[in-house]
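# model the following, please.
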Amino acid sequence: MRNYLLSALAVILLVGLTACSPKISTRKLNAYTTVSNYNVSYNKLTMDLDDEPITYTIDISTEAGRMKLRNLSLDEACDLALVEAIMANKCATIFQPQYTHLVQKGKVLRVTLYGYPARYKR
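Residues are numbered from 1 along each chain as shown. The predicted structure is shown next:
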């Protein structure tokens, strides 16, 4: 875990040092997901929340990240990060997702998701 954090910090510093006037901002979404024109609400009665939050990052420092973020808008990149975080953590949704992103000259360079994985109660 520590190596992952050090690697992520190194990537963030590298991108930050090589970027010219980047725009960094954060957006916060609620726990509602739109599915086929229906709003689905998740809550404590139907879901078990993990105690530990997760972070999931897609950035251009890797070939896979460059391919994923190519020609995506910021909203599309955030949606992709959410879907990949759900799949990577084998959960149903992410509660209180918060996004941090780096955009330069209209191109998304990095999207990081932070939130709590939730699974359906059995």
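# and the strands in this protein?
Using DSSP state E, the strands of the chain run over 23-28, 32-35, 38-41, 47-49, 54-59, 93-104, 107-120.
# tell me the angle the fifth one makes with strand 93-104.
Just to be clear, that refers to strand 54-59. Per axes from the mean of the first three to the mean of the last three Cα atoms, to 10 degrees, the angle that strand 54-59 makes with strand 93-104 is 30 degrees.
# and strand 54-59, what's buried?
Using 16 or more other Cβ atoms under 10 Å as the test for burial, strand 54-59 gives Ile54, Tyr56, Thr57, Ile58, Asp59. C-beta coordinates here come from the backbone N, C-alpha and C atoms, glycine included.
# residues in contact with it?
For strand 54-59, the surrounding residues in contact (Cβ atoms under 8 Å, 6 or more residues apart in numbering) are 8, 11, 15, 65, 68-69, 77, 80-81, 84-85, 88-89, 94, 102, 109-117.
# show the buried residues in these.
The neighbour-count test (16+ other Cβ under 10 Å) applied to the contacts of strand 54-59 identifies 11, 15, 65, 68-69, 77, 80-81, 84-85, 89, 94, 102, 109-117 as buried.
# quick one: low-confidence parts of this structure?
Along the chain, segments meeting pLDDT under 70 span 1-45.
# 50 - rerun?
Residue ranges of the chain with pLDDT under 50: 13-38.
# state the number of residues packed around Tyr99.
For Tyr99, the count of nearby residues is 21 (other Cβ atoms under 10 Å).
# also Tyr120?
Residues near Tyr120, counting by other Cβ under 10 Å: 11.
# nearest residue to it in space, please, no chain neighbours.
By the measure of Cβ to Cβ, 6 or more residues apart in numbering, the closest residue to Tyr120 outside its immediate chain neighbours is Ala92, 5.4 Å from it.
# before we move on, back to that, out of the buried residues of strand 54-59, which is nearest to Arg122?
Ile54 (21.1 Å; Cβ to Cβ).
# the closest one and Leu82, how far apart?
Going from Ile54 to Leu82 by Cβ to Cβ, to the nearest Å gives 11 Å.
# for the residue nearest to Tyr120, what are its contacts?
Ala92 neighbours (Cβ under 8 Å, 6+ apart): Tyr42, Met47, Ile86, Ala118, Arg119, Tyr120.
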